[in-house]
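1. generate coordinates for the sequence data below:
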Amino acid sequence: MNALELLAGRGADLLVRIVTVACSDRVLPDMAAELAGLVVRSATDVPFCDVYVLDEEERALECPGRRPVPLGEGDVGWAAARGTARPHADGRGAALPVRAGRSVIAVVDIRSAGPCRDDDLELVTALADLFAPVLRSCRRLRNAQEREHSAERFAERAVEVQEAERARLVRDIHDGIAQRLASLGFHLSACDQALACGAVDEAHDQLVLARELCELAAAETRAAIGGLRPPVLDDLGLTAALATLAREAGSRRPELDVTVTVSGELEDALPDHVQTALYRIAQEAVANCLRHARATGVHLLLEHDADRVRLRVSDDGAGFSIQDVFAPGRRPDSYGLRGMAERAELLGGRVHVSSRPGGGTTVEALVPLRR
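-> Numbering: from 1, shown residues only. Predicted coordinates for the structure are as follows:
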């Protein structure tokens, strides 16, 4: 007997309630709340029900009014991670996975006043099977909306960064290059006057000073340009840019061992915008390590496959609590994690961060390659 046949055998009233919920707005978290209410109204002895839906990152399960449950944690996380039902320890309910194909996309968590009835478990299992396509559709819609919002936030941040870069350029030019050029003009005028008076030695000294100012202005110009986009990225590609990034990090912290490993042969085929995004993600991850990790070693790994490219930045530093950083009400902005994730998402990819206090941190960006 399949789920629909089982539910049909429970009477027409139940089918009406199912159709009503299924035809409601297919958005999260409303649909999860509607399904939970349907379970409570339809079961014989299930006064409490929560429906947890897997988040886009597939790291935690979310439920209206509840704290997110990390995958693998508690009965709900266990059921989602293993794809099998798990009775609660007191026998008063169970966590039942909702499957879409081979994947678990949600968990229905029911609690009864006494030992959970078998017919209630059958009913909830059948409802979970019936609503699996609905929840999958809701997740896809939510993920699409979140990516749209991510693109909007990225556009806003891009404008902010652009304005900040312009301000920096203005400062660099006004306080540095412009001052050098003004001094250069002064020394050249002094040289001209010295030559007019026949003071050759004085003219020579002024030329030496003018040359030094020229070299200084050129160095400051290169630094200003490098701040906008590393020239090595244009000249030699992502691999060389990562090696340069590693050398610069090592020079800032001589006790830090920074290594780079590259595998695959597709670097030349990487589009410029992909190289730029991966470089900026690596730059942010390494900067985080320098600022927060107190690490002794950092390893950058760039892997090219036929259909995707993977960048991994790992350190052996202090690490941090992922749950604290991603806790409700907090945004992981302080570590630049949102910016890294947005860069990858705009390319259709993802950034995964793993860390624990005392166990180091790994940032991994996975970006698909379109052929």
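
2. this structure: strands as residue ranges?
-> Assigned by DSSP state E, the chain shows strands spanning 48-54, 60-62, 69-70, 86-87, 93-100, 103-111, 257-263, 297-304, 308-315, 350-355, 361-368.

3. now tabulate those strands in a markdown table and tack on distance to E284 and mean neighbour count.
-> C-beta: built from backbone N, CA, C; applies to glycine. Shown next, in a markdown table, are the strands of the chain (distance: least, CB to CB, whole Å; neighbours: other CB atoms under 10 Å):
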| stretch | distance to E284 | mean neighbour count |
| --- | --- | --- |
| strand 48-54 | 27 | 23 |
| strand 60-62 | 23 | 23 |
| strand 69-70 | 24 | 20 |
| strand 86-87 | 39 | 18 |
| strand 93-100 | 34 | 22 |
| strand 103-111 | 31 | 24 |
| strand 257-263 | 15 | 15 |
| strand 297-304 | 12 | 19 |
| strand 308-315 | 9 | 21 |
| strand 350-355 | 10 | 19 |
| strand 361-368 | 8 | 21 |
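
4. is it possible to export those to TSV including distance to G198?
-> Converted to TSV, the strands of the chain look like this (distance: least, CB to CB, whole Å):
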stretch	distance to G198
strand 48-54	86
strand 60-62	82
strand 69-70	83
strand 86-87	98
strand 93-100	92
strand 103-111	89
strand 257-263	57
strand 297-304	61
strand 308-315	63
strand 350-355	69
strand 361-368	66
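
5. these two touch, right, I110 and D120?
-> Yes. Here I110 reaches D120: they are 7.2 Å apart, a contact under CB atoms under 8 Å.

6. what touches both of the two?
-> When CB atoms under 8 Å, 6 or more residues apart in numbering defines a contact, the residues bordering I110 and D120 alike are 43, 46.

7. follow-up on the earlier one: out of the strands of the chain, nearest to S321?
-> With respect to S321, and counting by CB to CB, the nearest of those is strand 350-355 at 7.7 Å.

8. and that closest one, what does it pack against?
-> Counting contacts by 3 or more CB pairs under 8 Å, 6 or more residues apart in numbering; DSSP states H and E, strand 350-355 is packed against helix 322-325, helix 337-346, strand 361-368.

9. repeat the analysis, applying 6 Å as the threshold.
-> The contact analysis (3 or more CB pairs under 6 Å, 6 or more residues apart in numbering; DSSP states H and E) places strand 350-355 against helix 337-346, strand 361-368.

10. what inclination does that strand have with respect to strand 308-315?
-> 20 degrees (axes from the mean of the first three to the mean of the last three CA atoms, to 10 degrees).

11. quick one: Q206 from A217, how far?
-> 16 Å (CB to CB, to the nearest Å).

12. what about A243, how many neighbours?
-> Neighbourhood size, A243 [other CB atoms under 10 Å]: 17.
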